[in-house]
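Novice: no sequence for this one, just the structure:
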């Protein structure tokens, strides 16, 4: 596995991004994957997840979504998120960053990230895959509808806020998506309760989006993140297996 850090130029500044790629003697270009983090951001946990995905045979780009507020190191947690008091303090500070990344800014950033991914050495010219976690799931859907030509597959995992009363709610704007959408929700996720899960499923179907959506039992919001108290090993491994299968059938030329 090889990894480095690049800078992605955006209209609002320079976003650092982690790039992971497999060590492979094969000289053929590989499909690209855009990894969109949760609210905790670019950190050792998400880098390790990107490394694992790259090991399947992809070039993975993980941008610092919060570059407007500082470097990845500057916005990362200063304490252990396994402790309730430290977790509460971190998310209190993170909420303004999350709210600032609305669809108008997010869409511009995502265009830049997709362009940067496609211009990386060793990335093929075909559509890419996107995997998004928590708020990154919302952004993954935004990217797929903003650039349907460039995105073949989207993974959405323990994503909150997919169904709201706002006119901009993600579930109301799915019809431009041509990518296959894989969604694995958590049944103990207060940010996407059962009624919202059902409404999101209905919206995918009525919008004509090819998809597979399930709810993992016994899992909480953030179940893939091993550096938090929400981590659920079995649910996380299930997500990796399903994501691997999704990318294999949509990004590779069989």
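Specialist: Looks like it came in fine. Please read these numbers as outputs of a predicted model, since none were measured by experiment.
Novice: going forward, measure contacts between C-alpha atoms and count neighbours the same way
Specialist: Noted.
Novice: okay, residue 141 and residue 88: tell me how far apart.
Specialist: Applying CA to CA, to the nearest Å, the value for residue 141 to residue 88 is 27 Å.
Novice: of the two, which one has the most company?
Specialist: Per other CA atoms under 10 Å, whichever of residue 141 and residue 88 has more neighbours is residue 141, with 28 against 12.
Novice: measure residue 215 to residue 147 for me?
Specialist: When distances are taken as CA to CA, residue 215 and residue 147 turn out to be 27 Å apart.
Novice: buried ones in whichever helix in the chain runs longest?
Specialist: Among the segments of the chain that qualify as a helix by DSSP state H, the longest is helix 233-251. Using 16 or more other CA atoms under 10 Å as the test for burial, helix 233-251 gives 235, 236, 239, 240, 243, 246, 247, 250, 251.
Novice: so where is the stretch 151-254 of the chain shaky, pLDDT-wise?
Specialist: Within the stretch 151-254 of the chain, the stretches falling below the threshold (pLDDT under 70) are 253-254.
Novice: just the strands in it please.
Specialist: Counting by DSSP state E, counting those that start in this stretch, one finds strands in the stretch 151-254 of the chain at the ranges 151-157, 180-188, 211-220.
Novice: count the neighbours of residue 32 for me.
Specialist: For residue 32, the number of neighbouring residues by other CA under 10 Å comes to 30.
Novice: bridged to it, which residues?
Specialist: The residues listed as beta-bridge partners of residue 32 by DSSP bridges are residue 59.
Novice: and the gap between it and residue 205?
Specialist: On the measure of CA to CA, residue 32 and residue 205 end up 27 Å apart.
Novice: how about residue 137?
Specialist: Using CA to CA, we find residue 137 at a distance of 18 Å from residue 205.
Novice: with residue 123 instead?
Specialist: Separation of residue 123 from residue 205 (CA to CA) stands at 32 Å.
Novice: who has more neighbours, the two?
Specialist: residue 123 (20 against 15).
Novice: so which bits of stretch 53-64 are buried?
Specialist: 53, 54, 55, 57, 58, 59, 60, 61, 62, 63, 64.
Novice: can you give me the pLDDT of the last one?
Specialist: Same thing as residue 64. Reading off the confidence values, residue 64 has pLDDT 98.
Novice: does it really touch residue 19, like I thought?
Specialist: No - between residue 64 and residue 19 no contact is recorded; they are 11.4 Å apart, counting by CA atoms under 8 Å.
Novice: could the buried residues of helix 233-251 be laid out in JSON lines, adding distance to residue 130?
Specialist: Converted to JSON lines, those look like this (distance: CA to CA, whole Å):
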{"residue": "235", "distance to residue 130": "19"}
{"residue": "236", "distance to residue 130": "17"}
{"residue": "239", "distance to residue 130": "14"}
{"residue": "240", "distance to residue 130": "13"}
{"residue": "243", "distance to residue 130": "10"}
{"residue": "246", "distance to residue 130": "11"}
{"residue": "247", "distance to residue 130": "9"}
{"residue": "250", "distance to residue 130": "11"}
{"residue": "251", "distance to residue 130": "11"}
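Novice: residue 95: which of those is nearest?
Specialist: The shortest gap between residue 95 and any of the buried residues of helix 233-251 belongs to residue 236, at 24.6 Å (CA to CA).
Novice: what's the most buried one of the strands of the stretch 151-254 of the chain?
Specialist: Compared across the strands of the stretch 151-254 of the chain, strand 151-157 shows the largest average neighbour count, a mean of 27 (mean count of other CA atoms under 10 Å).
Novice: which helices and strands sit right next to it?
Specialist: Here strand 151-157 is seen to pack against strand 128-133, helix 135-146, strand 180-188, helix 233-251 when contacts are counted using 3 or more CA pairs under 8 Å, 6 or more residues apart in numbering; DSSP states H and E.
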